[in-house]
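K.L.:
Predicted model and sequence below, questions to follow.
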Amino acid sequence: MKINSPLEAYKFLPATNCGECGEQTCMAFAAHLIDRSKDLTECTPILEEKFRKKYEELDALLAPEIREVVIGVGDNVANIGGDDVLYRHKLTFFNQTKFAYDVWDTMDEKDLIERVKYIQDFKKFYVGNFLTVDMVAVRSTSGDPEKFAAVVSKVVETTHLPIILCSFDPEVLKAGLEVSKDRNPLLYAANKDNWKEVADLALEYDVPVTLFAPNDLDLLKSMAKTFAEMGTEKLVLDPGTFPTGKQLRQTFNNFIKVRRAGIEGDREIAYPIMAVPFTAWMAHDDPVSASYWETVVASVFTIKYGDIMILHSTEPYAMLPELHIRDTIYTDPRKPVMVDPGMYEVGEPTADSPVLVTTNFALTYYTVESDISSNKIDCYLWAIDTEGIGVEAAVAGGQLTAAKIKKGIEESGFNLQTDTTHNTIILPGLAARLQGDVEDETGANVMIGPADSGRIPGWMEKNWPPQKK
């Protein structure tokens, strides 16, 4: 049984309101347990021996419906699964989809190392964060255990990223495990022909394993049940990824069926799901078409409900859409994406440089900052605390006001009269109606900039520096 309300969780807590968890009351802490913004271990009293039974009961009741599986070790683990809902607006999705890009054991060593380093070092700055990829999938295309082990060893030497060992031959998998067992790799995969041997490997080396039953959910569930009875629940389910036509639709339906069953309480199939968009390269001879359809399939199953994927195309035109849609789907829809409010320096501003106001909604802030910095405009950029709401909505809703702008100025320690030669603030065009109030509150001169930050460079040429009155 899963608990879904703070009151249900509160019944298990010590009810001391001691505040050691950082909350004023146990009820407040219980609410954070339900939305998973706090961990049960943060409640110090419940860890005492006299509350041990309640701790164990509550810990079990709070466990996510979909089991969480850990791949890798140390600071470089990849956590997959751990979700509680089918629709992110009901709670949010946790543990974003992990992207594993492939290498193979017939590659030239120089090309292998270059590709692994490219995968490891790839990053794209977006709304305050770097979007990166997560894992390396090592495929056996030779069928030779020794050759596979040598390539796996080279990959382990080259990257800190978690790895997936890909072969249906248990001997090949074992050879790869021997040189990577300390990295807790994911085995791919056990199927109806090799499941016994692969299960033995997973148990012997204590590593997670993928179960592969293409378009056969009954077999997939049967294998999951068998592996659990043998002693491991470190399982990932692959229902097969068919990238074209009616089979793609069937794949889509299979993913939904597996995830719905797990969320609704079928523990025998409540495991993370693997999608393999790489199969687009098997269905299309043309590399451009293959790369395109791989990206389409990856995007579809990032939304529904792929927890981990194996991909091939590393061109930016393929990777960037995948990374952006993943970032969007795994952003908590209940919380605006924000930057810390405060005064930021763009370039190397001086006392003569302009002071621009924006909000602390991350997309707004980084759009404005990018438009300014890319045009080499040295200035101060003031991010006012609007609770992560954009300019127009914040003005309409009262989150961006003259009083808040004055408060932001005071809290930053920046003094317009002494730290600038112009005592001037530039408001965004969408906040023009605040001009008079800001002048009254701050005693500063207020100019109205363009509504679109992309027009700031042209506006600056015509209007800066301000004419002295």
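P.N.:
Thanks, I have the structure now. Numbering: from 1, shown residues only.

K.L.:
hey, let's count contacts and neighbours off CA atoms from now on
P.N.:
OK.

K.L.:
Just the buried residues of stretch 200-209, please?
P.N.:
Within stretch 200-209, the residues that count as buried by 16 or more other Cα atoms under 10 Å are 201, 202, 203, 206, 207, 208, 209.

K.L.:
Quote the end-to-end distance of it.
P.N.:
One end of stretch 200-209 sits 11 Å from the other (Cα to Cα, to the nearest Å).

K.L.:
Counting neighbours, which bits of the helix or strand encompassing residue 55 end up buried?
P.N.:
Using DSSP states H and E, residue 55 falls within helix 52-62. Under the neighbour-count criterion of 16+ other Cα under 10 Å, helix 52-62 has 54, 55, 58, 59, 61, 62 buried.

K.L.:
Which residues does the helix or strand containing residue 460 contact?
P.N.:
Using DSSP H and E, residue 460 falls within helix 456-463. With Cα atoms under 8 Å, 6 or more residues apart in numbering as the test, helix 456-463 has contacts from 371, 372, 375, 377, 449, 450.

K.L.:
Redo the residues you listed as CSV? Include secondary structure, distance to residue 220 and pLDDT.
P.N.:
Shown next, in CSV, are the contacts of helix 456-463 (DSSP: H, G, I helix; E, B strand; the rest coil; distance: Cα to Cα, whole Å; pLDDT from 0 to 100):
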residue, secondary structure, distance to residue 220, pLDDT
371, helix, 51, 94
372, helix, 54, 95
375, coil, 56, 95
377, coil, 59, 95
449, coil, 60, 95
450, coil, 58, 96
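
K.L.:
For ChimeraX, what selects the buried ones among those?
P.N.:
Here is the ChimeraX selection string for the buried members of the contacts of helix 456-463, based on 16+ other Cα under 10 Å:
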select :371,372,377,449,450
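
K.L.:
before we move on, back to that, now tabulate the buried residues of helix 52-62 in JSON lines and tack on distance to residue 412 and pLDDT.
P.N.:
As requested, these are exported to JSON lines (distance: Cα to Cα, whole Å; pLDDT from 0 to 100):
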{"residue": "54", "distance to residue 412": "46", "pLDDT": "90"}
{"residue": "55", "distance to residue 412": "44", "pLDDT": "91"}
{"residue": "58", "distance to residue 412": "44", "pLDDT": "91"}
{"residue": "59", "distance to residue 412": "43", "pLDDT": "90"}
{"residue": "61", "distance to residue 412": "45", "pLDDT": "88"}
{"residue": "62", "distance to residue 412": "41", "pLDDT": "88"}
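
K.L.:
Using JSON lines, please lay out these together with distance to residue 96.
P.N.:
Compiled in JSON lines, the buried residues of helix 52-62 are given as follows (distance: Cα to Cα, whole Å):
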{"residue": "54", "distance to residue 96": "31"}
{"residue": "55", "distance to residue 96": "28"}
{"residue": "58", "distance to residue 96": "25"}
{"residue": "59", "distance to residue 96": "23"}
{"residue": "61", "distance to residue 96": "23"}
{"residue": "62", "distance to residue 96": "20"}
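
K.L.:
Looking at those, which one is closest to residue 81?
P.N.:
Using Cα to Cα, residue 62 comes nearest to residue 81 of the buried residues of helix 52-62, at 14.6 Å.

K.L.:
any weak-confidence spans in this structure?
P.N.:
Filtered on pLDDT under 70, the chain yields the residue ranges 1, 468-469.

K.L.:
domain parsing for it?
P.N.:
Per automatic domain parsing, the structural domains of the chain span 6-62, 68-329, 342-463.

K.L.:
out of these, nearest to residue 335?
P.N.:
domain 342-463 (8.2 Å).

K.L.:
Could you pull out the strands in the stretch 1-150 of the chain for me?
P.N.:
Taking DSSP state E, counting those that start in this stretch as the test, the strands found in the stretch 1-150 of the chain are 68-71, 78-81, 98-104, 123-126, 129-132, 135-139.

K.L.:
re earlier: counting neighbours, which bits of the helix holding residue 460 end up buried?
P.N.:
456, 457.

K.L.:
Then stretch 386-406?
P.N.:
Residues 386-392, 394-395, 399-402, 404-406 are the ones in stretch 386-406 that count as buried (16+ other Cα under 10 Å).

K.L.:
Quick one: end-to-end length of it, please.
P.N.:
Terminal-residue distance, stretch 386-406 (Cα to Cα): 13 Å.

K.L.:
Use 337 as the first number from now on
P.N.:
Happy to do that; since the first residue is 337 now, the last one works out to stretch 722-742.

K.L.:
show me where the stretch 437-586 of the chain has helices.
P.N.:
Applying DSSP state H, counting those that start in this stretch to the stretch 437-586 of the chain gives helices spanning 445-457, 481-494, 506-516, 531-541, 553-566, 581-599.

K.L.:
what angle do the third one and helix 481-494 make?
P.N.:
If you take axes from the mean of the first three to the mean of the last three Cα atoms, to 10 degrees, helix 506-516 sits at 30 degrees to helix 481-494.

K.L.:
Please apply the same query to the fourth one.
P.N.:
Here helix 531-541 runs at 40 degrees with respect to helix 481-494, directions being taken by the same axes, to 10 degrees.

K.L.:
could you measure the residue most central in space within the chain against residue 668, distance?
P.N.:
The chain has residue 432 as the residue nearest its centroid, 4.3 Å off, counting by Cα atoms, centre = their mean. Applying Cα to Cα, the value for residue 432 to residue 668 is 11 Å.

K.L.:
sorry, back to before: okay if I get the buried residues of stretch 536-545 as CSV plus distance to residue 651?
P.N.:
Shown next, in CSV, are the buried residues of stretch 536-545 (distance: Cα to Cα, whole Å):
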residue, distance to residue 651
537, 35
538, 34
539, 37
542, 35
543, 31
544, 29
545, 29
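
K.L.:
Run a quick check on residue 768 versus residue 786, I expect a contact.
P.N.:
No - assessed by Cα atoms under 8 Å, residue 768 is found out of contact with residue 786, at 9.5 Å.

K.L.:
Could you give the backbone dihedrals for residue 430?
P.N.:
phi -110, psi 160 (degrees, to the nearest 10).

K.L.:
Distance check, it against residue 669.
P.N.:
With Cα to Cα as the criterion, residue 430 and residue 669 are 12 Å apart.

K.L.:
The two: who's more crowded?
P.N.:
Neighbour count, other Cα atoms under 10 Å: between residue 430 and residue 669, residue 430 has more, with 22 against 15.
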